[in-house]
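Peer 1: When you get a sec, could you give me coordinates for this:
(chains A and B)
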Amino acid sequence: MKNQILSFKDVTMIYHTAQGETAAVKDLNFYVQRGEFVAIIGPSGCGKTTILSLAAGLLNPSGGKISVADNVTFGYMLQKDELFPWRTIEKNILLPLEIKNTHTAENRKKALDLAIKYGLGDFLKSYPDQLSGGMRQRAALIRTLASDPTMLLLDEPFSALDYQTRLNVCDDVYNIIRSEKKTALLITHDISEAISVADRVLVLSKRPAHVVGEHVLHFDANTKPLQRREEKEFSGWFEMLWRQLNV
Amino acid sequence: MKKTKAEFSREHLLYLKKQKRVSLVVQITRILLLVLLLGVWELLADLQIVNPFITSSPSRIVLTIGSLYVEGTLFYHVGVTLGETLAGFAIAVVAGYLIALLLWWSETLRRILEPYIVVLNSLPKIALGPLIIIWCGTGSKAIVAITVLIGIIIAILNMLSGFIATDKNKILLLQSMGAGKIQILQKLVIPSSLPTFISMLKINVGMAWIGSIMGEYIVSKAGLGYLIVYGGQVFKLDLVMAATVILCTLAGIMYFLVVLLEKLVVKNGRN
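Peer 2: Take a look at the predicted model:
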């Protein structure tokens, strides 16, 4: 239990509009352990994004309890890179430090070293529109890592990219997250993406979302996402998750 | 990543040359068109085909401007109108921007004030002229007030829609970093609405001139609008035309300055 850095217990979330109320999440239970890469898959419109917003504390649940371990901070990565076009890559990457008012020389250096380590050194003075889609998403990841969060919340971070780029960026992001030893919670509707990166996959029901399946994947720790897709277990997992998703 | 000239292919150099020639033709034709129009006008008036007393003519306009200059009243009238226009423009832009910020900040306030703004927007502001004269007197103050009135609603509506159009996902991103409303405003809403601000300035340049000239039509003792009204009343069409030409020039310069500002702040079209 002590290794859980995030846990949802019987969490319910209801959205209210003038037209009525919608239960997005109902009796949702799951946890994430330190260092784990957890993927949540679910049918589209099942309230996946709500779960991340709840975890990050941007929304308050209507019921239930969300526990976050002490000193845990979150970094959020969205579908699109959301780089600010009027800022250079450097200024974009340093944005979280500005917001959190931790703009010290040391933190700055750490963030920029990270950017250089992952191949953005030549682009620091460039503007986002001078970078390819894949590079932009990498810059977005470095921005997320700049404030040194304990845990990354990834909201379909590859879905806006074309297929070719998507596979590469997925590999890229996976490697960076692993080598920086971050915990990650990925939500996606792409089954093969979930299998290729996660240690554990949670399957959600249709709205109101709750967990209908949990699978620990036993891939070798050193297999990269692209290699995983070639493993013989891959298709087995795919079929199983596909079936569970379409119940 | 700009290439120097030597690195271009022959075809590309030809392409550039052609582009240059096309834009040269456009510029020359522009000037020729003006010369042609002025020439025809002058000729028709000189040959008395049209009555120059009613249509004036380029040479008579130049003479009128010259005599205004000699009398020493040219810069006085220009100064009065320019002062009123710039003051009205500045107040409308600044106040409009701030009010729009306030309305962005509080959705409740926005909803409360919405019908009032809509009505004020559709009201022809000039209808308030008599009221403003009674409240502000018959001096430049009244004219500035009319100018502000005409510009401010447009400034508010334009900026507000620019602020509201801020990308929701970018707001979410900042919130996830722990940003409060002031930081969202400072880091995202204001910089991302810069193009809206510039286009609002462009619209308001025109509005400010409408305001000051209309104001001078209603009440004034000096200014270009005054010259136009006065010239019309005493049938000095040369004066009317001269004032109009000066007005055209000034409005053009002011618009050009805004375009210059746009080039300066909106770097490389990245905003």
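Peer 1: only C-alpha atoms for contact and neighbour calcs from this point on.
Peer 2: OK.
Peer 1: For stretch B:174-182, what is the distance to the chain centroid?
Peer 2: Computed by Cα atoms, centre = their mean, to the nearest Å, the chain-centroid distance of stretch B:174-182 equals 36 Å.
Peer 1: now swap in stretch A:6-19 and tell me
Peer 2: Relative to the centre of its chain, stretch A:6-19 is centred 20 Å away, using Cα atoms, centre = their mean.
Peer 1: Quick check: buried residues in it?
Peer 2: By neighbour count on 16 or more other Cα atoms under 10 Å in any protein chain shown, the buried set for stretch A:6-19 is A:6-8, A:10-13.
Peer 1: low pLDDT regions in the chain?
Peer 2: Unless you meant another one, I'm taking chain A. Within chain A, the stretches with pLDDT under 70 are A:1-2.
Peer 1: Switch to chain B, please.
Peer 2: For chain B, residues meeting the criterion pLDDT under 70 lie at B:1-6, B:267-271.
Peer 1: Outline the domain layout of it.
Peer 2: Using automatic domain parsing, the domains assigned to chain B come out as B:5-50, B:61-269.
Peer 1: Do the last one and chain A come into contact?
Peer 2: Meaning domain B:61-269. Yes: Domain B:61-269 lies within reach of chain A by Cα under 8 Å from any Cα of the partner chain, at B:169-170, B:173-179, B:183, B:191-192, B:267.
Peer 1: neighbour-wise, which of these leads?
Peer 2: Taking other Cα atoms under 10 Å in any protein chain shown as the neighbour criterion, residue B:177 ranks highest of the residues of domain B:61-269 next to chain A with 23 neighbours.
Peer 1: For residue A:44, what are phi and psi?
Peer 2: For residue A:44, the backbone dihedrals are phi -70, psi 140 (criterion: degrees, to the nearest 10).
Peer 1: who are the neighbours in contact with it?
Peer 2: With contact set as Cα atoms under 8 Å, 6 or more residues apart in numbering or on different chains, residue A:44 has these partners: residue A:189.
Peer 1: For the spatially most central residue of chain A, give me its contacts.
Peer 2: The centroid of chain A falls nearest to residue A:154 when counting by Cα atoms, centre = their mean (1.6 Å). Shown in contact with residue A:154 (Cα under 8 Å, 6+ apart): A:76-78, A:184-187.
Peer 1: If we use 10 Å, what do you get?
Peer 2: A:39, A:49, A:52, A:75-79, A:141, A:144, A:184-188 (Cα atoms under 10 Å, 6 or more residues apart in numbering or on different chains).
Peer 1: so can I have CSV of the buried residues of stretch A:6-19 showing distance to residue B:104 and secondary structure?
Peer 2: Shown next, in CSV, are the buried residues of stretch A:6-19 (distance: Cα to Cα, whole Å; DSSP: H, G, I helix; E, B strand; the rest coil):
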residue, distance to residue B:104, secondary structure
A:6, 35, strand
A:7, 36, strand
A:8, 35, strand
A:10, 37, strand
A:11, 33, strand
A:12, 31, strand
A:13, 28, strand
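Peer 1: Indicate which one of the domains of chain B is closest to residue A:93.
Peer 2: Closest to residue A:93 of the domains of chain B, according to Cα to Cα: domain B:61-269, at 12.1 Å.
Peer 1: Would you mark the buried spots in stretch A:116-125?
Peer 2: Quick answer for stretch A:116-125 (16+ other Cα under 10 Å): A:120, A:123-124.
Peer 1: how about that stretch as CSV, C-alpha atoms only?
Peer 2: Only the C-alpha atoms of stretch A:116-125 are listed here, as CSV (Å, rounded to 0.1, in the frame of the first residue of the first chain):
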residue,chain,number,x,y,z
ILE,A,116,19.6,19.1,-24.8
LYS,A,117,19.8,15.5,-23.6
TYR,A,118,16.8,14.6,-25.7
GLY,A,119,17.9,16.4,-28.8
LEU,A,120,16.2,19.7,-28.6
GLY,A,121,19.4,21.7,-28.1
ASP,A,122,19.5,23.1,-31.6
PHE,A,123,15.9,24.1,-31.5
LEU,A,124,15.8,26.1,-28.2
LYS,A,125,15.7,29.4,-30.0
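Peer 1: which residues sit against it?
Peer 2: Under the contact criterion Cα under 10 Å, 6+ apart, stretch A:116-125 has outside partners A:87-93, A:110-115, A:126, A:130-131, A:135-136, A:138-139, A:142, A:172, A:176.
Peer 1: Need the residues that contact stretch B:61-68.
Peer 2: Stretch B:61-68 has contacts (Cα under 10 Å, 6+ apart) with B:57-60, B:69-77, B:237-246.
Peer 1: redo that, cut-off 8 Å
Peer 2: Contacts for stretch B:61-68 (Cα under 8 Å, 6+ apart): B:74, B:238-239, B:241-242.
Peer 1: List the buried residues for that stretch?
Peer 2: By neighbour count on 16+ other Cα under 10 Å, the buried set for stretch B:61-68 is B:61, B:64-65, B:68.
Peer 1: chain center to it: distance?
Peer 2: 26 Å.
Peer 1: next one: stretch A:192-203
Peer 2: With Cα atoms, centre = their mean, you get 12 Å for stretch A:192-203.
Peer 1: burial of residue B:47, as a residue count?
Peer 2: Neighbour tally, residue B:47, other Cα under 10 Å: 10.
Peer 1: separation between it and chain A?
Peer 2: Applying Cα to the nearest Cα, to the nearest Å, the value for residue B:47 to chain A is 59 Å.
Peer 1: so residue A:155 bridges to which residues?
Peer 2: Residue A:155 has these beta-bridge partners by DSSP bridges: residue A:187.
Peer 1: pretty sure it is touching residue A:49, no?
Peer 2: Yes: using Cα atoms under 8 Å, residue A:155 makes contact with residue A:49 at a distance of 6.6 Å.
Peer 1: Comparing these two, which residue is more hemmed in?
Peer 2: Remark: of residue A:155 and residue A:49, residue A:155 carries more neighbours, 22 against 18, as counted by other Cα under 10 Å.
Peer 1: how about the strands in chain A?
Peer 2: For chain A, strands defined by DSSP state E occupy the ranges A:4-17, A:20-33, A:37-41, A:63-68, A:74-77, A:151-155, A:183-188, A:200-204, A:211-216.
Peer 1: for residue B:222, phi and psi?
Peer 2: Main-chain torsions, residue B:222, degrees, to the nearest 10: phi -160, psi 170.
Peer 1: Would you mind naming the helix or strand containing the nearest residue to it once chain neighbours are set aside?
Peer 2: The shortest distance from residue B:222 to any non-neighbouring residue, by Cα to Cα, 6 or more residues apart in numbering or on different chains, is to residue B:77 (5.7 Å). Assessed by DSSP states H and E, residue B:77 sits inside helix B:74-105.
Peer 1: list the helices and strands whichever helix or strand comes after that helix packs on?
Peer 2: Per DSSP H and E, the first helix or strand lying C-terminal to helix B:74-105 is helix B:107-122. Judged by 3 or more Cα pairs under 8 Å, 6 or more residues apart in numbering or on different chains; DSSP states H and E, helix B:107-122 is in contact with helix B:74-105, helix B:140-164.
Peer 1: Name all residues that make contact with residue 225.
Peer 2: Here I'm looking at chain A. Listed by Cα under 8 Å, 6+ apart, the contact partners of residue A:225 are A:170-171, A:174, A:196-197.
Peer 1: That was the other one, I meant chain B.
Peer 2: B:81, B:212-217, B:243.
Peer 1: follow-up on the earlier one: overlap in contacts, residue A:155 and residue A:49.
Peer 2: With Cα under 8 Å, 6+ apart as the test, residue A:155 and residue A:49 both reach residue A:187.
Peer 1: So which of the contacts of residue B:225 are in helices?
Peer 2: B:81, B:212-217, B:243 (DSSP state H).
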